[in-house]
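>>> sequence unknown, structure follows:
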DNA sequence: ATTAGCACTCTTGTTATCTAAGTGCCAATA
DNA sequence: TATTGGCACTTAGATAACAAGAGTGCTAAT
């Protein structure tokens, strides 16, 4: 982890850096020395400020679009800003109340809550909001239901602790009596354990239960495979918010963002890989492993369900975002989602 | 319905119109009189062509970006082109084979097929492809499964003829014995009828079955409500394809297209309203009721499942699209989806 | 009816010029 | 020695002038 603290940035310098970034985020235009001393009470001459900015540029925190332009932050600059200069804001009381109400309104369907949460994130941030569903692999099995839907296909319906319902067809044919036996067997043996463990457990139990009908055990084995191939969902909202001339002036970053959004599988993989550490997580521009995100910043947090199954939520926006606000927002919303799942138990 | 046939366009004129639109679609630049006589074998002078183009402009088929520019088609021009001048092309044999293979590969999960179909549409068109799932209201009930998931919530799982699985939580608590009775009751009475009729049928049957336990009948009534509020799904792919400088040079149409895609409910409503007539359907620019689509063209066709439950599929692209190709594509893909559902029965 | 020819219009690209913003550096200063 | 005022220098961006090119509309001739 990079450690760029106030320690190594002399006090005055860090004040300049902070002011430059703050101002750039507000205006989107390169910040000159005069603009700085006018708008922030800096008791220095413009020349002194220029010297300091030149230093900050040498150290890699700021850069120059061209010789005669003001300074703009580099990714390293944003990073220092986020690491040391940002304080989480308190939420406006009205907004928090509004949020709470939203969650109380429809509290039954987990999927609806997740989708609503991504909408809330996008609305309040004015950027792209997303919620990756609790990782099914770490989720706990609550119930398994079986329905014969044709003479060659059985529908397996899985309900997890976090309230998510998944279903999959499997090539199996059984009589009603056999289905009942299998259902009891599966629920008996798998209820309460994680989805990831399910397959192993089935194989284990099959060994112990040789007295059961072979057909049923074969079917159980087949169903075991289902648990490996469960695709998690992701809810994305507000992509159009990011599409503005203000944020970008050519189509490429926009295109790649949309493409990223459309490829759910990739989305989930990347998000889970890069953003699964606990606590608020910020990746700025090139810090993102994915080329599609190199002109964007991502702010995330994990949320927990039953202390083990976890999901990730967050926002994606331009690098020039109000980090304080966004981090506070993501923090608050993940808290609320935690609460939702806590009450669910 | 507009009727702009060859009847009212004198033969030579319609040839000019056709050539102008064809050329504009290819190049994207206003078409001048010289370009026309050079590239298409028109045995007229440029002046004569100019006169004809002036006529076509007066009649509203062409327009002028500015005095000294060539002509571009109006929406009315495109309409005439599509209505009278387009012939469906045959599909390249390799492409058709590729398509067929795709459908044979994964033929079990209906949802997967629909999602795959939207991907195929987007890939082959290079625009946005979409598939609206078969209208659940017109779909036929195949099976209803019930799972008590807590001491206040019952999960209702609905499987339809077209292979789509829907689930919803309902505030009901029953014993296992009661659940079994209710399940039998529901499947007995509802299997084979359409989702739209389900609620009415339940109410009817409740009257006839007063001997049953009141708790169960109350639950059945509650479940009846579920059938009213089923949200259909829509699968969209390739939105990023439409986002190019070639198609647009400002962000607004792109933004509104993305926003439209994100609001599934609105999407489905509009598509169902405007595109549910059978046969290939084309709406050009301002012919779309939705402002978001006024700079785009939409090509759709319906697909049938079991002769009654129907869905819509199609593509959304710039007005300047190759209509022949797109209409042929949509036609072919809807045919294949029809086949998929026919084999399913 | 069709065409050749020409004046006219408008876009596009190029070049030159000017202005404003902002830097970098240096000599003066407290 | 740290800070400051001053000044030369650089660059983007705006504006205007100009030429070239494309294409039209109209008219007179065929």
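Looks like it arrived, so ask away. What you are looking at is a predicted structure, and each value in this text was computed from that prediction instead of being measured.
>>> please count neighbours and contacts with C-alpha atoms only from this point.
OK.
>>> where does the closest residue to DNA strand D within the stretch 101-250 of chain A fall, secondary structure wise?
In the stretch 101-250 of chain A, no residue comes nearer to DNA strand D than residue A:249, which is 11.8 Å away by Cα to the nearest atom of the strand. Assigned by DSSP states H and E, residue A:249 belongs to neither a helix nor a strand.
>>> next, count neighbours for it.
13 (other Cα atoms under 10 Å in any protein chain shown).
>>> who touches it in this structure?
Contacts here follow Cα atoms under 8 Å, 6 or more residues apart in numbering or on different chains; on that basis residue A:249 touches nothing.
>>> quick check: the gap between residue A:284 and residue B:25.
Relative to residue B:25, residue A:284 is positioned 41 Å away (Cα to Cα, to the nearest Å).
>>> look at the two and report which has more neighbours.
Taking other Cα under 10 Å, residue A:284 and residue B:25 do not tie; residue A:284 has more neighbours (25 against 19).
>>> that one contacts residue A:320, doesn't it?
No - under the criterion of Cα atoms under 8 Å, residue A:284 makes no contact with residue A:320, lying 9.6 Å away.
>>> what about the strands in chain A?
Taking DSSP state E to define them, one finds strands in chain A at A:62-63, A:72-73, A:128-132, A:141-148, A:153-160, A:165-171, A:234-237, A:281-284, A:296-305, A:309-318.
>>> residue B:186: which of those strands is closest?
strand A:141-148 (14.5 Å; Cα to Cα).
>>> so what touches the closest one?
Identification of contacts with strand A:141-148 by Cα under 8 Å, 6+ apart yields A:154-161, A:173-174, A:179, A:183, A:186-187, A:190-195, B:143, B:145, B:147, B:149.
>>> then stretch A:155-164?
With Cα under 8 Å, 6+ apart as the test, stretch A:155-164 has contacts from A:109-111, A:134, A:136, A:139-149, A:165-170, A:223, A:305-306, A:309, A:341, A:344-345.
>>> try stretch A:252-261
Counting by Cα under 8 Å, 6+ apart, A:236, A:239, A:242-243, A:248, A:266-267, A:292-293, A:295, B:238-241, B:243 sit against stretch A:252-261.
>>> how about that stretch, which residues are buried there?
Within stretch A:252-261, the residues scored as buried using 16 or more other Cα atoms under 10 Å in any protein chain shown are A:253-261.
>>> measure how far the worst-scoring helix or strand of chain A on mean pLDDT is from the centre of its chain, please.
Scoring the helices and strands of chain A by mean pLDDT, DSSP states H and E places helix A:93-105 at the bottom, with a mean of 76. Between the centre of helix A:93-105 and the centre of its chain there are 21 Å (Cα atoms, centre = their mean, to the nearest Å).
>>> same check, this time on stretch A:121-137
In terms of Cα atoms, centre = their mean, the centre of stretch A:121-137 is set 6 Å apart from its chain centre.
>>> same deal with stretch A:234-253?
On Cα atoms, centre = their mean, the centre of stretch A:234-253 falls 17 Å from that of its chain.
>>> mean confidence score for it?
In this model, stretch A:234-253 carries a mean pLDDT of 86.
>>> same question for stretch A:269-285.
Per-residue pLDDT over stretch A:269-285 has a mean of 93.
>>> end to end on that stretch, go ahead and measure it.
First residue to last in stretch A:269-285 (Cα to Cα) measures 18 Å.
>>> so how many other residues sit close to residue A:90?
By other Cα under 10 Å, neighbour count at residue A:90 equals 12.
>>> next one: it relative to DNA strand C, how far apart?
Distance from residue A:90 to DNA strand C, counting by Cα to the nearest atom of the strand, to the nearest Å: 32 Å.
>>> could you find the closest non-adjacent residue to that residue?
residue A:328 (7.2 Å; Cα to Cα, 6 or more residues apart in numbering or on different chains).
>>> swap in residue A:193?
Nearest to residue A:193 is residue A:140, by Cα to Cα, 6+ apart, at 5.3 Å.
>>> tell me if I'm right that the one you found and residue A:187 touch.
No - contact criterion Cα under 8 Å: residue A:140 and residue A:187 do not qualify, at 12.0 Å.
>>> neighbour count winner among the two?
residue A:140 (25 against 15).
>>> which residues touch the more buried one?
Each residue near residue A:140 by Cα under 8 Å, 6+ apart is listed here: A:160-162, A:191-195, A:309.
>>> go again with 7 Å.
A:160-161, A:192-195 (Cα atoms under 7 Å, 6 or more residues apart in numbering or on different chains).
>>> now those residues in TSV, with neighbour count and pLDDT?
As requested, the contacts of residue A:140 are exported to TSV (neighbours: other Cα atoms under 10 Å in any protein chain shown; pLDDT from 0 to 100):
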residue	neighbour count	pLDDT
A:160	22	92
A:161	23	90
A:192	16	94
A:193	17	94
A:194	21	94
A:195	26	95
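>>> and the residue nearest to residue A:90, how many neighbours does it have?
Per other Cα under 10 Å, the neighbour tally for residue A:328 reads 17.
>>> ditto for residue A:35
Counted with other Cα under 10 Å, residue A:35 comes out at 14.
>>> now the one 4 residues further on
By other Cα under 10 Å, the residues close to residue A:39 number 10.
>>> show me the shaky parts of chain A.
Scanning chain A for pLDDT under 70 picks out the ranges A:1-10, A:85, A:105-108, A:210-212, A:307, A:345.
>>> run the last query once more with 50
Residue ranges of chain A with pLDDT under 50: A:1-8.
>>> quick check: residues of the stretch 1-150 of chain A near DNA strand D?
A:43-48, A:66-68 (Cα under 7 Å from any atom of the strand).
>>> now rank these by neighbours and give me the top one.
When neighbours are counted by other Cα under 10 Å, residue A:46 leads these with 17 neighbours.
>>> spit out the contact partners of that one.
Residue A:46 touches A:33-34, A:37, counting by Cα under 7 Å, 6+ apart.
>>> list, one by one, the residues from chain A near chain B.
Within chain A, the positions lying close to chain B (Cα under 7 Å from any Cα of the partner chain) are A:108-109, A:169, A:237, A:240, A:243-245, A:251, A:255, A:258-259, A:262.
>>> if you set the cut-off to 6 Å instead, what comes out?
Neighbours of chain B within chain A, by Cα under 6 Å from any Cα of the partner chain: A:240, A:255, A:258-259.
>>> now tabulate these in JSON lines and tack on distance to residue A:115.
Compiled in JSON lines, the residues of chain A next to chain B are given as follows (distance: Cα to Cα, whole Å):
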{"residue": "A:240", "distance to residue A:115": "17"}
{"residue": "A:255", "distance to residue A:115": "23"}
{"residue": "A:258", "distance to residue A:115": "18"}
{"residue": "A:259", "distance to residue A:115": "20"}
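>>> one step back: just the strands of chain A: most buried one?
strand A:128-132 (a mean of 28; mean count of other Cα atoms under 10 Å in any protein chain shown).
>>> next, the angle from that strand to strand A:309-318.
Interaxial angle, strand A:128-132 versus strand A:309-318 (axes from the mean of the first three to the mean of the last three Cα atoms, to 10 degrees): 170 degrees.
>>> which elements pack onto strand A:128-132?
helix A:110-125, strand A:234-237, strand A:309-318 (3 or more Cα pairs under 6 Å, 6 or more residues apart in numbering or on different chains; DSSP states H and E).
>>> that one pairs with which strands?
Partners of strand A:128-132 in the sheet, by DSSP bridges, are strand A:234-237 (antiparallel), strand A:309-318 (antiparallel).
>>> can you show me the helices along chain A?
A:11-27, A:33-39, A:46-58, A:75-80, A:93-105, A:110-125, A:176-190, A:195-208, A:214-226, A:239-242, A:252-262, A:264-274, A:323-344 (DSSP state H).
>>> excluding residues flanking it in the chain, which one is nearest residue A:287?
Going by Cα to Cα, 6+ apart, residue A:287 has residue A:294 as its nearest residue, at 7.3 Å.
>>> may I have the beta-bridge partners of residue A:281?
Going by DSSP bridges, residue A:281 forms beta bridges with residue A:300.
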